[in-house]
Every structure is written in C-alpha cells, then in structure tokens.
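Enquirer: I would like to see how this sequence folds:
(2 chains)
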Amino acid sequence: MAATTEIQAPRSGRIAPEYNRHGSSRGNFEMFAWLFMRVSGLVLVVLVFGHLFVNLMVGEGVHAIDFGFVAGKWADPFWQVWDLAMLWLAMLHGTNGVRTIINDYAEKDGTRFWLKAVLYAATAVIIVLGTLVIFTFDPCPPNAAADLLPSFCPAP
Amino acid sequence: MTTPTEIPEGPSKVELAPGVGGGGEIPSFDITLKVRRYDPEVSDEARWDEFKLTMYGTDRVLDALHKVKWEHDGSVSFRRSCAHGVCGSDAMRINGRNRLACKTLLKDLDTDKPILVEPIKGLPVEKDLIVDMEPFFQSYREIMPFLINSGHEPTRERLQSAEDRERFDDTTKCILCAACTSSCPVFWTDGQYFGPAAIVNAHRFIFDSRDDAGDMRLEILNDKEGVWRCRTTFNCTEACPRGIQVTKAIAEVKQAVLNRKI
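Expert: Model prediction:
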C-alpha cells in the first residue's frame, strides 16, 4: 500500500493572519442589512419630511407645539403608527450605519466589541423608551409646574 | 539537389533631414522622483529617497524607475514584466493614486513638484515597491476564476452569442494588477474583504452564459466579507488601468445575489 503524503498548496500558510477569513459566515444577515438600509432610507424620507411638514408648517406651525399638540397627535392611531415607524426605522437605520462604520474603522477586536455593545445598548434603551412614550403619553403629568401644562389640564 | 544561393539584400538606408519623419528632438525636462524605500534588513522604518533625473517627453514613470535602478541606485526594487500595461506587475501609488508605472507618462504629471512613488496600500510591503500579493491572489482563487460547466463536453468550442459575450465583456479586461483592491479604503482596514478584483473576476464568470457555477460564486460573495462590504466609493473604478467599471460590476453582483435570494 502506497503511503500518501499530504502535499500542501504552494505558499500556503505564509499569509499574515489578518488576511485570512475565519471560516465562512454564510447566512444572509449582511444582505438583509444592506437591503434594509436602502428600503428604510426611502421610507424615512417620506416619514421625516411628512413629520416636519405637519409639525412645523401646517396651521400655526412651530408655535403650536406643546404637550397638548403632541397628545392630540398621539390620540390618533394614524400618528401613533407614523411616529412608531419613524422611531424604529430611524433607530435601526442609524444603528446599522454606525455598526458599519465600527466594522470599517475599529482595528482591534476588543474595541469593535465594546463600541458595538455600547451602540446596541443605547439603541435598545431609546427604542424601548420611545415606544413607551408614544403609547403612554400623558399631557398632564402630575406634580408638574402649572405654567408648562396645556390649558385643558385639570388644576392640581 | 542544390539550393540556389541568394545574395542577401543589403541594409536599406534612407536619408532623413534632421527633424523629419519623427526623428526630431524630444523635449527633455528635469524631474525629482521620490521613492518610498523599505528594507526590513536595514531598518523597520520606511523612508523617502529623492532622485534628480533628466527625462524625456516620451518617458513613463517606469522609465524613471529604470534610470534610477540602472544608473543611480541598483538596490531600488520594484516589479515589472512586460512594461506595456498588459502583465499588471507594476501597479504602484504614484502621487497618491494607484496606477501602472508603465502607463503613466511623466509629462502628464506635475513635473514641477516631486513625483511620489509608493507601494500599493493594504498589502504587506516586502521591499521598496514590492508588496506581498498572496492575500490578493488567495481571494482571487476563492471565487473559482475558471469555467465550470456540468454539461457534456462539446466536441467543438463552446459557442456563445455576441450579446451573451457582451454581458461580461468589461470584466474580462482585468490584468490582476491589484490597483483596485489596494485603493479600496475598506480593504486598507479589513484585509479579509474579498476586494474589488476578486468580485470583478467572479462577475466575469457569473454572467458568462457558458458557466454553471454562478450560484456557488454568488454564495461565496454573499459572505460577511463579500460584496456587502463595498461602500461604493468608486476608488476602484478610478484606479483601474484597464478602465473597467469596477463599482458597477460589484453592484451587478450585489443585484444578482439579491435576485437569487428574494
């Protein structure tokens, strides 16, 4: 029986480790992230400019904005959905953008890990808080200074 | 049987007046060539060496490097083979842009200022202008740059319509000089990125109607270090000495991956 000898490919093993891809990362995450950036970007253009127009231009415009104005908007499920979509899309779009920048520019694995940890934590907090506010906004918080509250609030 | 001997014809001689028929004076000018030098046996630090040369209007950066190597400092190291823009050996960073030294005429550069010549970025420098191309070729090999056809072996060549050939014509021009990959800012910080050149050469087979392994190549480039790493900065398109629309080719591969998955 002939002994088999493992013959290495020419020049194998002499490439600096930072050039070697570690295993294969199949799966479509990066593809969906790329697609999401394009789609959410388009949707955000409509959402953000619609939001700005309604808040700043229509009627009394920017001078009408107070707790009452916000509460009025969020009493309507249409604006709840609008603002919720804007919050989630903007946060995920921005987070994915910063994630990409971190991947591009962080040179050490440790730096990359910690920057991303901070990023994801901040994103989670803002999305949770924002969602909570959209659904539970109270224009007359108890114990607030009376001059900050809209006129329809019951006197404390 | 004897072959009749022929008296060879004498050398032809044409008398030309000076300055007629292309024999005129070629304008000459003085340049300062600054070459990035690195020799790990001498020092870990790279340095700039300056050479003052008198060159001619027909000379290229490669001619200036030759003049340096042959007449000034024989230790200057660089790669070149064909010296006519075909082999892709002498890609280097000239005045901050990736070009082939053999395709860059000195008169097209600003000869009043020093001409800076550096090795291409992102690959390990071995000596002076020579970089280790192995990571570059490793990515190239991974996309399987050869025809894969599962059908029966034809008895004649594999025919293709002119339109089918046109589909990937642009990406057949690649000479693997690495000017694109080493001009890519993503590749500078992330050497694991496949890089434009590998994607261009995958494109050449993915869109070839005779090839059957397009899906495999798309799957390979759907990697986290694959096409999605591209930021469309167009550095690669600008750097390509063959004028390949590299960024466009990458976008077409992205599109093909998407169309296959969705």
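Enquirer: Just say helix, strand or coil for the nearest residue to residue B:114 once chain neighbours are set aside.
Expert: Of all residues not flanking residue B:114 in the chain, residue B:32 sits nearest, at 4.1 Å (CB to CB, 6 or more residues apart in numbering or on different chains). For glycine as for every other residue, the C-beta is placed from the backbone atoms N, C-alpha and C. With DSSP: H, G, I helix; E, B strand; the rest coil as the basis, the three-state label of residue B:32 is strand.
Enquirer: Pull the contacting residues for residue B:32.
Expert: Residues in contact with residue B:32 (CB atoms under 8 Å, 6 or more residues apart in numbering or on different chains) are B:50, B:51, B:52, B:53, B:113, B:114, B:115.
Enquirer: Now the element after the helix or strand containing the fourth one, going C-ward?
Expert: The one in question is residue B:53. Using DSSP states H and E, residue B:53 falls within strand B:47-56. On the C-terminal side of strand B:47-56, the closest following helix or strand by DSSP H and E is helix B:61-67.
Enquirer: Stretch B:123-143: end-to-end distance?
Expert: With CA to CA, to the nearest Å as the measure, stretch B:123-143 spans 19 Å from end to end.
Enquirer: Spell out which parts of the stretch 1-150 of chain B neighbour chain A.
Expert: For the stretch 1-150 of chain B, the contact set with chain A under CB under 8 Å from any CB of the partner chain comprises B:124, B:132, B:134, B:135, B:138.
Enquirer: Could I have the PyMOL command that selects the buried members from those residues?
Expert: Only the buried entries of the residues of the stretch 1-150 of chain B next to chain A go into this PyMOL selection, using 16 or more other CB atoms under 10 Å in any protein chain shown:
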select buried, chain B and resi 132+135+138
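Enquirer: Spell out the residue ranges of the strands in chain B.
Expert: B:28-37, B:47-56, B:91-94, B:97-100, B:115-118, B:125-127, B:130-131 (DSSP state E).
Enquirer: still on that earlier bit, hmm, which of the contacts of residue B:32 are the buried ones?
Expert: Here, 16+ other CB under 10 Å leaves B:51, B:53, B:114, B:115 buried among the contacts of residue B:32.
Enquirer: ok, which pair from those is furthest apart?
Expert: Using CB to CB, the buried ones among the contacts of residue B:32 reach their maximum pairwise distance at B:53 and B:114, which is 11.2 Å.
Enquirer: Overlap in contacts, those two.
Expert: By CB under 8 Å, 6+ apart, the residues touching both residue B:53 and residue B:114 are B:31, B:32, B:33.
Enquirer: Any chance of JSON lines for those, columns pLDDT?
Expert: Formatted as JSON lines, those follow (pLDDT from 0 to 100):
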{"residue": "B:31", "pLDDT": "96"}
{"residue": "B:32", "pLDDT": "96"}
{"residue": "B:33", "pLDDT": "97"}
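Enquirer: Around chain B, pick out the residues from chain A.
Expert: A:11, A:14-16, A:18-21, A:24-26, A:28-31, A:33-35, A:103-105, A:107.
Enquirer: let's see it at 6 Å
Expert: Within reach of chain B by CB under 6 Å from any CB of the partner chain, chain A has these residues: A:11, A:15, A:16, A:18, A:19, A:21, A:25, A:30, A:31, A:34.
Enquirer: Brilliant, that's me finished.
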